[in-house]
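Trainee: Just a sequence and a predicted model for now, questions to come.
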Amino acid sequence: MSALMITGGRTLEGTVHVHGAKNSVLPILAASILAPGVSVIENCPPLSDVTASLAILNHLGCRAVQEGERVTVDATTLTRCDVPDGLMREMRSSVIFLGAILGRLGEARLSFPGGCELGPRPIDLHLRAIRALGARVREEGGRLLCDGRLTGGELVLTRPSVGATENAMLAAVAARGTTTITNAAREPEIIDLQGFLRAMGAKVQGAGTSVVTVEGQKLLHGGTYPVMGDRIVAATYLSAAAAAGGVVEVTGADPRHFSTVTAVLSEAGCALAGDRDRVVLSRRGPLRAVRPIHTAPYPGFPTDAQPPVMAALTAARGTTLFVEHIFESRYRHVDELCRMGADIRVEGRVAAVSGVERLHGAPVRADDLRGGAALVVAALAARGESVITGLRHLDRGYSGLEEGLRGLGALVRRTEDRIVT
């Protein structure tokens, strides 16, 4: 059983570079199949979710390989329209392949996706968008059977879903005519997808606003594109520095993309400064509680940053309220934080975090990706040693986390043979 062994209580000092954004690269990999030709995606992190995406691409008949932080996809040989259940279950965002496969081949056969268990995350908006573009969608034996010739039109999302916006964009690129997506998600990752689609020759505009316009059936080709830095990884390192204390510089991500996180850490007593691809956090004194934190679609406070920021505030003076508006089961890390001495009470979607003097090390288990990050943040600030298992979740979204933390002075190592009871 693999585990992270973390001895906490050491302040962090130094610089750490953020890898490419998981939530950008996955839809970009899906988009690479929209046209025959070779695409090169740079700044692509070696994550297990990326490995799963490459397996899907190769199953579909593409030639997809990763060398370091560069992925090359030759979609010329795309022949299949099905993704088997085993590959779909590897990650919840696997449904993003639906729009691209349907757009390229005119049909798609997928099962329902897997991934972290964060409560209901229905794909009804994805299917509604595909249907609005003229596709026929049937559910049969736990599989989605989609076919039809796509035609552009007016799409109005009932909520700004990131995945549904991306799937609609991918399908619309191949549809006849113009598609307007209203109430689109505004996340920076949507802008990144637009950038890659433009590199392929697509005509897309409006990403980053609530209205995205796509002129379909343009002549597409392979494209080369560098993925943006991962804003949630950046927020995790900053949370770790806030929890443990010290001075840490995080490079490779635009602070404007996670300004709501830095605002919370500043309110908690940290000093922050930076520019467009770096931010420096300094924390010398104790943290203090902040005003209630409500997760919300971008540009609101990101739900993915809630767990690590919560972990940082477990030792803040006073009580901080977290209100989770995105996922029903986003507090699965709370029980594990309490094993480390945290004082957290959960009532529905509200978590009240009352600061304690200090956490203590304990054996804990990650049950989802960002919850695992919260346990790492807490362990860095805790007295004594913590043993964190469930690393398959962390490996979905963090590459080289141990090395990055060790570079900041943390005592962190990974072992493959430690059995925790």
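Mentor: On my side now, so go ahead. Numbers count the residues shown, from 1 in each chain.
Trainee: Pro188 versus Gly68, what's the distance?
Mentor: Distance, Gly68 to Pro188, by CB to CB, to the nearest Å: 24 Å. Every C-beta, even on glycine, is put in place using the N, C-alpha and C of the backbone.
Trainee: Looking only at neighbour counts, state which of the two leads.
Mentor: With neighbours defined as other CB atoms under 10 Å, Gly68 and Pro188 compare such that Pro188 has more, 22 against 9.
Trainee: residues touching the more buried one, list them.
Mentor: For Pro188, the contact set (CB atoms under 8 Å, 6 or more residues apart in numbering) comprises 21, 24, 208, 228, 231, 254, 257, 298.
Trainee: cool, Asp85 as well?
Mentor: Asp85 touches 111, 142-143, counting by CB under 8 Å, 6+ apart.
Trainee: just the residues you listed now: which is nearest Arg131?
Mentor: Nearest to Arg131 among the contacts of Asp85: Arg143, at 16.5 Å, using CB to CB.
Trainee: On the pLDDT front, check that closest one for me.
Mentor: In the prediction, the pLDDT value recorded for Arg143 is 86.
Trainee: just to revisit the earlier point, out of the contacts of Asp85, which is most surrounded?
Mentor: Of the contacts of Asp85, with other CB under 10 Å as the count, Ser111 tops at 19 neighbours.
Trainee: Hmm, it is touching Asp82, no?
Mentor: No - with contacts counted by CB atoms under 8 Å, Ser111 stays clear of Asp82, the gap being 9.2 Å.
Trainee: Provide a list of residue ranges in this protein with pLDDT below threshold.
Mentor: 92, 114-122, 417-421 (pLDDT under 70).
Trainee: Can you give the domain ranges for it?
Mentor: The chain is divided into the following domains under automatic domain parsing: 3-19+229-415, 22-226.
Trainee: So which elements touch the helix or strand harbouring Ile101?
Mentor: For Ile101, the element it lies in under DSSP states H and E is helix 97-105. Packing partners of helix 97-105 (3 or more CB pairs under 8 Å, 6 or more residues apart in numbering; DSSP states H and E): helix 22-31, strand 107-111, helix 124-132, strand 143-147, helix 162-174.
Trainee: His345 bridge partners, please.
Mentor: If you look again at residue 345, you'll see it is Arg, not His. Beta-bridge partners for Arg345, by DSSP bridges, are Ala352.
Trainee: quick one: it from Val334, how far?
Mentor: 9 Å.
Trainee: Overlap of the contact sets of the two?
Mentor: Ala351.
Trainee: Looking at those two now, which is surrounded by more residues?
Mentor: The neighbour comparison of Arg345 against Val334 (other CB under 10 Å) goes to Val334, with 21 against 12.
Trainee: what residues are up against the more buried one?
Mentor: 310, 342, 344, 346, 351.
Trainee: Just among the residues you listed, which is most surrounded?
Mentor: Busiest of the contacts of Val334 [other CB under 10 Å] is Met310, holding 27 neighbours.
Trainee: Thr319 and Gly355 touch, don't they?
Mentor: Yes - checked against CB under 8 Å, the pair Thr319 and Gly355 is within contact range at 7.2 Å.
Trainee: Overlap in contacts, the two.
Mentor: Ala289.
Trainee: Just want to know which of these two has more residues nearby.
Mentor: Gly355 (19 against 16).
Trainee: returning to what we had before: go through the contacts of Asp85 and say which is closest to Thr303.
Mentor: Ser111 (25.4 Å).
Trainee: out of everything not next to it in sequence, what's closest to the closest one?
Mentor: Asp85 (4.2 Å; CB to CB, 6 or more residues apart in numbering).
Trainee: Would you map the helices across the stretch 151-300 of the chain?
Mentor: For the stretch 151-300 of the chain, the helices defined by DSSP state H, counting those that start in this stretch occupy 162-174, 188-199, 231-244, 259-267.
Trainee: wait, which of these is closest to Val214?
Mentor: Going by CB to CB, the one of the helices of the stretch 151-300 of the chain nearest Val214 is helix 162-174, 3.8 Å.
Trainee: now stretch 272-287, how far from the centre of its chain.
Mentor: Offset of stretch 272-287 from its chain centre (CA atoms, centre = their mean, to the nearest Å): 22 Å.
Trainee: next one: stretch 147-154
Mentor: So, by CA atoms, centre = their mean, the centroid of stretch 147-154 is 29 Å from its chain's centroid.
Trainee: can you pull the buried residues of it?
Mentor: With burial defined by 16 or more other CB atoms under 10 Å, the residues of stretch 147-154 counted as buried are 150, 152.
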